[in-house]
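> What would the 3D arrangement of this be:
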Amino acid sequence: MKTMQTMKTMKGGACVLALVFAASFLLLLPGCQAPVGPQADRTGTVSLTIGQLDMGRAIQPGTLLTDFTGFTAVFTRANHDDVRVYFATGETTAQAELPQGPWNLTVNAFIGTVVAATYGPRAITVEPGFNGVTATLAPIATGGYGTFSWALTVPPGTSGGLEIRGVDPDGNIMDTIVDTDTFSGGPSLVLWDDEMELTAGTYFVRFMLTHENYGVAFLNSDLHVYQGMESRIERTFTYALFRAGEAPTVITNAAITVTGPVTGELPDTVATVDGTNLGFSAGTVTWYPAHSPFQAETEYTATVTLTAHMGYVFADTLTTATINGQVADVVSNTGTAVTLEYTFAETGLEQLDPVIVAWEFTGNMSAGNAIVGPANITVLPSSGQQQYDALLQFLTQSGSNLTPRTLNGASSGINVVNPDGGGSGLNDLADNAWWQTAISTTGRTNIAVTWRMRSTAAGPRDWRLQYRVGGTSTWNNVGGTIALPTPAPANVLLAVEQGRFLPTTAEGRETLYLRWLMTSNFSVAGGTTAYGGTHQINDLVIFSDANPANFNNRDDQPGTFNVTWAGFANPLLADGVTITRNETSGAITVNAPDGAFTSIQWLDDNFDVLSSTATLGPGDGIPPLVTVRVRTAGSSRTYSIVFNTATGAVF
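This next block holds a predicted model:
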């Protein structure tokens with residue numbers, strides 16, 4: 001057997017390393033003495049084996065070690081000359097004796113002069129005696145390309161094509177078609193000589209030829225494409241290689257399934273062929289418009305190209321093609337490829353969890369830890385993503401200064417602590433103390449709030465829910481004042497649940513503030529509030545998609561539609577302006593105390609004028625929520641009120 005040897009001479013002329021490869025074993029050359037004394041235990045033998053290729057990629061170059069024409073190994077470390085080992089031709093093992101200690105090992109596999117696979121650099125430690133190392137090569141494919149060329153000599157009157165498919169790590173031919181080509185012949189012997197560039201890898205190539213008189217012929221072959229190199233197939237087809245009666249199978253219908261667009265979801269680009277062994281495969285789905293994620297109230301068109309397998313063609317008049325069971329448009333048909341398009345129905349509004357935020361206090365927990373719903377959802381317009389930043393505070397006001405009160409956990413609620421931090425109480429703070437939170441109602445309608453409240457004997461009795469859009473607009477009442485009962489229930493979870501339905505002006509807001517305002521200094525015992533009175537809130541839920549029929553935002557009982565307009569400073573309007581509805585026609589009329597107005601305006605949510613007369617009739621269009629602005633005779637001020645035209649609830 002041929003042998004190959006390398007000599008490595010260190011400084012001082014001592015022969016340190018002598019490698020002789022014969023059937024992959026290391027021999028010590030004559031003339032080189034083995035180390036003795038202190039040096040005897042300072043070397044170790046590294047036995048290096050080239051292992052199988054790393055099959056971690058879907059497309060692999062060089063699936064066989066015999067594809068490579070040679071291997072080299074290089075051992076490096078600081079303050080030491082590199083040690084380079086060349087493998088004998090056809091061999092995949094080698095040994096080297098190295099000084100003990102840490103080394104870095106790199107192995108290169110060559111095809112000709114091209115490095116087609118590599119291993120390392122990997123840190124190894126040489127110990128005394130025998131050290132086995134297996135180098136599992138990783139093919140160099142990323143970013144590298146090679147060329148596949150072919151030269152087929154065929155009889156006159158022959159036409160055909162080729163398709164190239166990938167090969168998975170287990171050597172199985174994949175359904176995905178990497179590339180195709182077609183060709184046709186003239187009246188004389190034809191040489192088809194062509195090439196294409198492919199990413200370095202392992203493929204399966206199939207040529208299918210059809211002769212007008214002699215039938216079909218095939219050529220199947222594994223194909224290895226290496227970086228910077230050409231892989232070539234040359235073959236001559238004679239008449240004898242053609243088989244009669246094997247015409248391509250015609251595909252007359254095609255059905256695929258894709259994941260349709262859903263508001264807020266990311267587009268899915270995978271198409272699944274319905275059924276098996278149908279002779280074609282589906283490519284990647286593209287979407288128009290190319291939104292990611294899908295937007296609300298938008299029509300999206302899916303486009304998919306189907307490719308016929310070898311031995312199959314699509315019918316020239318293919319009309320039965322469906323996507324998700326619906327007839328799709330055939331926008332292109334070449335026989336070997338068909339492109340389908342289907343436009344889905346307009347997407348709906350994003351399906352949000354009805355609960356915007358909820359607090360349930362159990363044990364001694366902070367307000368932040370009590371969030372049990374999806375938390376406050378603020379949609380960031382720039383990215384469409386959501387941030388969660390629910391915050392429940394109790395604020396007191398002095399002039400323009402707002403001070404958050406300390407909240408301490410109770411067995412079933414949150415106490416509001418005195419300014420000095422001792423005990424609890426809300427003394428003499430009418431219209432200057434409130435619970436507050438901020439939410440987003442983007443994409444939400446029919447918003448409601450439910451909660452439970454409790455005050456002990458010296459605690460505040462009267463509360464009112466209010467809202468405002470953004471942080472600077474006017475606070476708006478939601479229903480009337482809520483008077484907490486006496487005696488107080490044993491804990492807040494036993495209190496009567498309160499509820500309010502928010503007006504449509506609170507819907508679709510990026511930031512909506514809610515507050516529960518202490519409206520008087522009356523205590524629940526009937527006196528005035530005093531230090532030592534405890535006030536608690538719990539079981540607080542803010543949600544959308546509520547049923548307005550479940551809420552009565554007025555202090556009186558339902559069943560009467562009579563809104564009294566009271567409390568204005570101008571005595572001409574005090575307790576005098578009423579709004580009534582005709583139960584038969586549905587018309588709504590505003591009535592002045594003296595029977596005369598100098599101006600009237602009925603406005604919808606967009607502040608468009610619906611009518612300028614005392615009565616808003618069906619012909620004017622009666623929206624769910626309406627604003628009426630009036631000035632009575634003898635008054636110099638204009639007043640307005642917002643109310644629900646179905647229930648009479650004032651906002």
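
> Gly144: what's its closest spatial neighbour, skipping adjacent residues?
The spatial neighbour of Gly144 that comes closest, neighbours along the chain excluded (CB to CB, 6 or more residues apart in numbering), is Gln227 at 3.3 Å. C-beta: built from backbone N, CA, C; applies to glycine.

> same for the helix or strand encompassing Trp103, what does it pack against?
Taking DSSP states H and E as the criterion, Trp103 maps to strand 101-111. Applying 3 or more CB pairs under 8 Å, 6 or more residues apart in numbering; DSSP states H and E, one finds that strand 101-111 makes contact with strand 43-50, strand 70-77, strand 114-126, strand 129-135.

> Can I get these in TSV including mean neighbour count, distance to Leu512 and mean pLDDT?
Formatted as TSV, the helices and strands packed on strand 101-111 follow (neighbours: other CB atoms under 10 Å; distance: least, CB to CB, whole Å; pLDDT from 0 to 100):
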stretch	mean neighbour count	distance to Leu512	mean pLDDT
strand 43-50	19	68	86
strand 70-77	18	66	90
strand 114-126	18	60	84
strand 129-135	14	65	85
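
> how about the ones you listed, which one is nearest Ala151?
Shortest distance between Ala151 and the helices and strands packed on strand 101-111, using CB to CB, is found for strand 114-126: 22.3 Å.

> where does Val313 land in three-state SS?
strand (DSSP: H, G, I helix; E, B strand; the rest coil).

> State the number of residues packed around it.
19 (other CB atoms under 10 Å).

> Next: His309.
His309 has 21 neighbouring residues, counting by other CB under 10 Å.

> now the strand holding Trp103: mean pLDDT?
Confidence for strand 101-111, expressed as mean pLDDT, is 88.

> what's next to it, contact-wise?
For strand 101-111, contacts defined as CB atoms under 8 Å, 6 or more residues apart in numbering pick out 48, 50, 62, 67-77, 115-126, 133, 135, 137, 226, 229.

> picking that back up, and the gap between the residue nearest to Gly144 and Thr118?
11 Å (CB to CB, to the nearest Å).

> and if you look at Ala525?
86 Å.

> and if you look at Ser440?
Taking CB to CB, one finds Ser440 at 53 Å from Thr118.

> circling back: closest one to Asn446 among the helices and strands packed on strand 101-111?
Nearest of the helices and strands packed on strand 101-111 (CB to CB): strand 114-126, 63.8 Å.

> What pairs with that closest one, parallel or antiparallel?
If you go by DSSP bridges, strand 114-126 pairs up with strand 101-111 (antiparallel), strand 138-139 (antiparallel).

> average pLDDT for the shortest one?
Over the span of strand 138-139, the pLDDT mean works out to 70.

> residues of the helix or strand that it is followed by that come out buried?
The C-terminal neighbour of strand 138-139 among helices and strands, as given by DSSP H and E, is strand 145-154. Going by neighbour count (16 or more other CB atoms under 10 Å), the buried part of strand 145-154 is 146, 148, 150, 152, 154.

> ok, what's across the strand from the first one?
Translated: Gly146. Per DSSP bridges, residues listed as beta-bridge partners of Gly146: Leu198.

> I'd like the helices and strands packed on strand 101-111 written out as JSON lines, with distance to Asp431 added.
Shown next, in JSON lines, are these (distance: least, CB to CB, whole Å):
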{"stretch": "strand 43-50", "distance to Asp431": "85"}
{"stretch": "strand 70-77", "distance to Asp431": "80"}
{"stretch": "strand 114-126", "distance to Asp431": "74"}
{"stretch": "strand 129-135", "distance to Asp431": "81"}
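
> Can you say which of the ones you listed is nearest to Ser611?
Closest approach to Ser611 among the helices and strands packed on strand 101-111 (CB to CB): strand 114-126, 83.0 Å.

> any idea how far the residue nearest to the spatial centre of the chain is from Thr286?
The chain has Leu266 as the residue nearest its centroid, 5.6 Å off, counting by CA atoms, centre = their mean. For Leu266, the distance to Thr286 equals 14 Å [CB to CB].

> With Leu306 instead?
Counting by CB to CB, the gap from Leu306 to Thr286 is 14 Å.

> Looking at these two, which one has more neighbours?
Neighbour totals were compared for Leu306 and Thr286, and Leu306 leads with 25 against 14 (other CB under 10 Å).

> So Thr49 sits against Thr93, correct?
Yes - with contact defined as CB atoms under 8 Å, Thr49 counts as touching Thr93 (4.9 Å).

> Kind regards, and thank you for your time.
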